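[1] No sequence on hand, only this structure:
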């Protein structure tokens, strides 16, 4: 029987608290050629150390550096740079070694600067690529720069074809030539890394021929939780443009690609898949004035082990008949952290036939049951039969502004906590949610796993030995540890021992005359008692974390981004001893019942500690 593909949906989800997403990027170096005299430059990277002294360290011939402040007033004419004086309104300045004249204390990417030199030199700045939007000063000249391709032939007319307000009254664009501001010819080519003065009539949000909208303005940062994000590409150009996305290095960033069954009838459906950008660069055609949305996701399972491998840069090239723009987007993600609570299901669909060997055969139907696993901070997994989430209030301290009031201690705040059994919950712990006006815990349980004991350890009974025994300490084994670490490719194994007199043992019932409990002092010789038909049961469970089932088929579609990080699965195998006695071998040994299937788990909580004993 061919096992049918299944989609498991989880009915209980515990909220995962998102941590702050760090802004990380692969450092790049921008090289700027400086001439003797005045230079107008546009920084494309955020310096790692943005103090002017660090940015210009080792650069000889620097006289001063200047930055225009757009929110201090309008600029109606372009000044000769030689007329600039320290501390004048609307300008910040840096003079090496002169703190009295210096009020420019930080240099930032996506910003234009004036740099005065006494000799030619090359300025190399290493930092993260940035793409900050321009804050236009309306009805004023603005000192700006744009992100251009290397060796571009883009002209000012091409670049500003959809920004008509810059010369609505015949005002010119001014570039710096031979220490003087000169009006450019609109047919002149633009130069990468060069800043200039341009007039903006009224308000504007113009960023170039293409506007890129990101969920996070600093780049595509997935942190430890996000699997995918969406970017928006808008064509501001006068004709169709093509936006190409490509990774500068091998990195597990994917884009969603949908193929329609009939291109002429897109409403008829089709198929989609995640394609790796490094192997398959994406070209997106966009008509004038149109927008396109692109879904970009990361597969954490493919990230390297070193943190330096967790960051990269996405290159965005915009072109029409000529290249127009080139942007670098920082991309980052954190390697999967498996510690926390995992919930999912086992789907068993293969068993062996008793007395016919151990060959597994497909069943007529599948059997599904819940699987609960907790992984601690040391990556040690434990099997659970239930888990209860509660709330620990933490500590309270006196409010320094109101001594009669208590506030949560910031050094010991409240937190959600996990318990593997009700008897382990202290009296001072409150519920994690409200039900009928009362605080209650949130419980997830599995009927497939009963009480856990150490293998071959027989708990002390209380009560009538001829009836269902009652045990004094279930809490000591509220979880069962697996051997092995919780990692992709690992084989986890544990053995569950169910004594013959446990209440959940299937042989403990009143409705079969032979299923009575032997005297406890006869435990070691129980097999010699002809009428004893209660047996110890052992279950050896093996979970192998892998992508495919026993037939080599993918457990989930390879388009799933979270697979291997917040969603895992693999092969489930179980050998059960004690359910069947083969009298042909002396009435002592048992043929195992062998079960096989698949399991899928989703991470539902980041809490890496659990009280289980």
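    That came in fine, so what should we check first? Just so you know, these numbers come straight off a predicted model, no measurement behind them.
[2] For the residue lying closest to residue 302 once chain neighbours are set aside, give me its contacts.
    With sequence-adjacent residues excluded and distances taken as CB to CB, 6 or more residues apart in numbering, residue 302 is closest to residue 252, at 3.7 Å. For every residue, glycine as well, the C-beta is placed using N, CA and C. Residues counted as contacts of residue 252 (CB atoms under 8 Å, 6 or more residues apart in numbering) are 276, 298-303.
[3] Sort out for me which of these are in strands.
    Judged by DSSP state E, the contacts of residue 252 include 276, 298 as members of strands.
[4] Give the other helices and strands that the helix or strand residue 541 falls within contacts.
    Following DSSP states H and E, one finds residue 541 within strand 537-545. Where contact means 3 or more CB pairs under 8 Å, 6 or more residues apart in numbering; DSSP states H and E, strand 537-545 is packed against strand 491-498, strand 567-577.
[5] With respect to residue 124, which of those strands lies nearest?
    With CB to CB as the measure, strand 567-577 is the member of those nearest residue 124 (43.7 Å).
[6] I'd like to know which elements that closest one is packed against.
    Identification of packing neighbours for strand 567-577 by 3+ CB pairs under 8 Å, 6+ apart yields strand 340-352, strand 537-545, strand 593-605.
[7] The last one to strand 567-577, inter-axis angle?
    Taking axes from the mean of the first three to the mean of the last three CA atoms, to 10 degrees, one finds strand 593-605 and strand 567-577 inclined to each other by 150 degrees.
[8] Quick one: mean pLDDT for strand 593-605?
    Regarding strand 593-605, the rounded mean pLDDT is 95.
[9] Mind giving me the packing neighbours of that strand?
    Using 3+ CB pairs under 8 Å, 6+ apart: strand 593-605 touches strand 340-352, strand 360-375, strand 567-577.
[10] Dump the ones you listed into TSV; add distance to residue 507 and mean pLDDT as well.
    Rendered in TSV, the data for the helices and strands packed on strand 593-605 read as follows (distance: least, CB to CB, whole Å; pLDDT from 0 to 100):
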stretch	distance to residue 507	mean pLDDT
strand 340-352	20	95
strand 360-375	21	94
strand 567-577	13	94
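[11] Please dump these into a markdown table; it should also carry distance to residue 409 and mean neighbour count for every row.
    Below are the helices and strands packed on strand 593-605 laid out as a markdown table (distance: least, CB to CB, whole Å; neighbours: other CB atoms under 10 Å):
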| stretch | distance to residue 409 | mean neighbour count |
| --- | --- | --- |
| strand 340-352 | 25 | 22 |
| strand 360-375 | 27 | 16 |
| strand 567-577 | 36 | 21 |
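[12] mind putting these in CSV, distance to residue 404 included?
    Written out in CSV, the entries for these read as follows (distance: least, CB to CB, whole Å):
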stretch, distance to residue 404
strand 340-352, 39
strand 360-375, 42
strand 567-577, 50
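[13] Out of these, which is closest to residue 197?
    Shortest separation from residue 197 across the helices and strands packed on strand 593-605 is recorded for strand 567-577, at 53.4 Å, computed as CB to CB.
[14] how much does that closest one deviate in direction from strand 537-545?
    For the pair strand 567-577 and strand 537-545, the angle between their directions (the same axes, to 10 degrees) equals 150 degrees.
[15] Just to check, residue 537 is in contact with residue 578?
    Yes. Taking CB atoms under 8 Å as the definition, residue 537 is a contact partner of residue 578 at 3.8 Å.
[16] count of residues packed around residue 400?
    The burial metric for residue 400, expressed as a neighbour count using other CB atoms under 10 Å, is 8.
[17] quick one: it and residue 413, what's the gap?
    17 Å (CB to CB, to the nearest Å).
[18] Residue 153 too?
    Applying CB to CB, the value for residue 153 to residue 413 is 59 Å.
[19] next one: residue 574
    Look at residue 574 and residue 413: by CB to CB, they are 42 Å apart.
[20] which residues does residue 42 bridge with?
    residue 112 (DSSP bridges).
[21] Run a quick neighbour tally on it.
    Other residues lying near residue 42 total 23 when counted by other CB under 10 Å.
[22] ditto for residue 326
    Burial measure for residue 326: 19 neighbouring residues, criterion other CB under 10 Å.
[23] And residue 155, by the same measure?
    Applying other CB under 10 Å, we find 17 residues neighbouring residue 155.
[24] Pretty sure it sits against residue 189.
    Yes. Using CB under 8 Å as the test, residue 155 is close enough to residue 189 to be in contact (5.7 Å).
[25] And the pLDDT at residue 532?
    54.
[26] What ranges in the chain fall below the confidence cut-off?
    Of all residues in the chain, those with pLDDT under 70 make up the ranges 1-23, 76-78, 152, 164-170, 261-268, 432, 454-477, 509-534, 581-591.
[27] rewinding a little: and of the helices and strands packed on strand 537-545, who's closest to residue 50?
    Using CB to CB as the measure, strand 567-577 is the one of the helices and strands packed on strand 537-545 that comes nearest residue 50, at 39.9 Å.
[28] who touches the closest one?
    Strand 567-577 is contacted from outside by 338, 342, 344, 346-348, 371, 488, 537-547, 549-550, 555-556, 560, 563, 590, 592-603, using CB under 8 Å, 6+ apart.
[29] what's the spacing between that strand and its chain's center?
    The chain centroid and the centroid of strand 567-577 are separated by 27 Å, computed with CA atoms, centre = their mean, to the nearest Å.
[30] Same check on stretch 593-613?
    With CA atoms, centre = their mean as the basis, stretch 593-613 stands 21 Å off its chain's centre.
[31] Could you list the buried residues of it?
    The neighbour-count check on stretch 593-613 (16 or more other CB atoms under 10 Å) flags 593-608, 610-612 as buried.
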